[in-house]
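K.L.:
Any chance you can model this:
(one chain, ligands or ions: 1)
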Amino acid sequence: MNENPKILVVGSINMDLVTITKRTPAIGETIIGKDFKMIPGGKGANQAVAAARMGAEVAFIGCVGDDIYGDKLLEALRDESININGITRVNNIPTGIANIIVDEKANNSIIVVPGANSKVHAENINANMELIDWCDIIILQLEIPLETVMKCIEEGKKRGKTIIFNPAPVQKLNEEIFKYIDYLIVNEIEAKQISETDEEDHFKLVEKLLNIGFRNVIMTVGEKGVLFNENSGIKYIPAIKVNAIDTTAAGDSFVGTFATSLGNGADKDISIHDAVRAAAITVTRIGAQSSLPYKNEI
Ligand code: RIB
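P.N.:
Modelled structure (predicted):
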């Protein structure tokens, strides 16, 4: 692959409505928060911005509503030089939002209301087939309908593209698609659900995913680090110790950076090390796209 890898992200775009608070309220309780911010987010858009900031050429397929959030989110992607020709504005349905609470221990809780993201259908893929032809790598998540994700994986594979799949938020998958995925990037919860096991041993969990048909499994385990398979077995890389203030988009930072390094010709091990460094920076800053680092920082 070349110096500036061409990456297509097919996924979600959300406005994150972020409340910063000492602690998350209990059910029925009202508390006074510390701060509120509106920050561009959405797993797909975050991964696209992460890749663009690492130097990839990025195009996006998705949907936003015909509202002010849609305007602002498109502007944010345009500012990153992301090709937004594949983003459709839909009427009578709002742009996706995420209600995010971040507490003083850097924990977050998120409710996503998909809105326009639920309108990303096979027609959006068919209408943008030239972007699938154009790219080297396709990145997908699960904040748009699963059928669309499956269609895109199939079309991408037919054209020999590298498929990176981050199945978040996780749902039951048709195992038919496992063989089409080049790199599966999961956290521990996603790994357990996809492999349908309660396995607590991280190494065995990665093995289970390999046994059910994934070729390359990368499992992030938060502040503990990352596990992935190599020819010699399963390797573990510890996370970098930092003072985390908000973990939102750490996984997205990891995915976008990994894809770009891989597209630049780095091997899996080096690409994962780059991604670990990017994710470590991301958790030291507030917000999703506001926290994603640039290439010169990692
Ligand atoms: O991964 C973080 C993202 O999840 C947030 O930006 C939010 O929009 C949700 O999609």
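K.L.:
got any ranges where the chain has weak pLDDT?
P.N.:
Within the chain, the stretches falling below the threshold (pLDDT under 70) are 1-3.
K.L.:
That one: helices as residue ranges?
P.N.:
43-53, 68-79, 122-126, 129-134, 146-158, 188-195, 202-211, 250-263, 268-282 (DSSP state H).
K.L.:
Now render the ones you listed as CSV, adding mean neighbour count.
P.N.:
Just so you know, the C-beta spots here come from the backbone N, C-alpha and C atoms, and that holds for glycine as well. Supplementary listing: the helices of the chain in CSV, determined by neighbours: other Cβ atoms under 10 Å:
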stretch, mean neighbour count
helix 43-53, 30
helix 68-79, 17
helix 122-126, 16
helix 129-134, 15
helix 146-158, 18
helix 188-195, 19
helix 202-211, 18
helix 250-263, 29
helix 268-282, 21
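K.L.:
any chance of the ones you listed in a markdown table, plus distance to the ligand?
P.N.:
A markdown table is the format used below for the helices of the chain (distance: least, Cβ to the nearest ligand atom, whole Å):
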| stretch | distance to the ligand |
| --- | --- |
| helix 43-53 | 5 |
| helix 68-79 | 10 |
| helix 122-126 | 18 |
| helix 129-134 | 22 |
| helix 146-158 | 15 |
| helix 188-195 | 12 |
| helix 202-211 | 21 |
| helix 250-263 | 5 |
| helix 268-282 | 10 |
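K.L.:
if we compare those, which one ends up closest to residue 237?
P.N.:
For residue 237, the closest of the helices of the chain is helix 268-282, at 6.0 Å, according to Cβ to Cβ.
K.L.:
give me the residue from this structure nearest the ligand.
P.N.:
residue 41 (2.4 Å; Cβ to the nearest ligand atom).
K.L.:
for that residue, what are its contacts?
P.N.:
14-16, 98, 100, 248-249, 287-289 (Cβ atoms under 8 Å, 6 or more residues apart in numbering).
K.L.:
Please indicate which of those are buried?
P.N.:
14-16, 98, 100, 248-249, 287-289 (16 or more other Cβ atoms under 10 Å).
K.L.:
Those also near the ligand: which ones?
P.N.:
Among the buried ones among the contacts of residue 41, proximity to the ligand is found for 14, 16, 98, 248-249, 288 (Cβ under 6 Å from any ligand atom).
K.L.:
and which of the residues you listed is nearest residue 210?
P.N.:
Residue 210 has its nearest neighbour among these in residue 249, at 27.3 Å by Cβ to Cβ.
K.L.:
wait, doesn't the closest one sit right on residue 292?
P.N.:
Yes. At 6.6 Å, residue 249 counts as touching residue 292 under the criterion of Cβ atoms under 8 Å.
K.L.:
Now list whatever residues contact both of these two.
P.N.:
By Cβ under 8 Å, 6+ apart, the residues touching both residue 249 and residue 292 are 46, 50, 282.
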